[in-house]
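Peer 1: A structural model of the following input is requested.
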Amino acid sequence: MSFVGFRQVYKSNANSDREVLKLEITKIMADDKSKIGKPDRNLINFKEKYEFDYALKQLQKQAPTRTKQEVKTALTDAAKEISPSEGREKIMNQARKNLKGK
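Peer 2: Numbering: from 1, shown residues only. As a prediction, the model looks like this:
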């Protein structure tokens, strides 16, 4: 599936004013096959509430005796200790260790 996008081509002037030379219509592919690497599903985006809530819910299932606030604190502490780019599983493992230590 592809959809149409617009791209403006500018001409830079010496006084840093930009003048639009032309407006191009381009096709944009929905999935870029040249970009390979870790799938997004292995990561937790802490800026997205629904992703954080999902991870929190999964962790609560594994520690049913803990309060929601304890689990939330353990998860955020784990994210501070381990880079989010390390992946969901490492963060969840660290959060479990944080819960056991309390």
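
Peer 1: As a check, name the ranges of all helices in this structure.
Peer 2: Applying DSSP state H to the chain gives helices spanning 49-62, 68-81, 88-101.

Peer 1: Minimum distance to L43: which of those helices has it?
Peer 2: Nearest of those to L43, taken as CB to CB: helix 88-101 at 6.1 Å. Quick note: C-beta positions are derived from backbone N, CA and C, even for glycine.

Peer 1: Could you say which one of the helices of the chain comes nearest to S34?
Peer 2: Comparing the helices of the chain under CB to CB, the one sitting nearest is helix 88-101, at 24.7 Å.

Peer 1: Name the residues of that closest one that come out as buried.
Peer 2: Buried residues in helix 88-101, counted by 16 or more other CB atoms under 10 Å: 88, 90-92, 94-96, 98-99.

Peer 1: need the helices of the chain in a markdown table with distance to S34 and mean pLDDT, can you?
Peer 2: Below are the helices of the chain laid out as a markdown table (distance: least, CB to CB, whole Å; pLDDT from 0 to 100):
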| stretch | distance to S34 | mean pLDDT |
| --- | --- | --- |
| helix 49-62 | 26 | 93 |
| helix 68-81 | 30 | 93 |
| helix 88-101 | 25 | 92 |
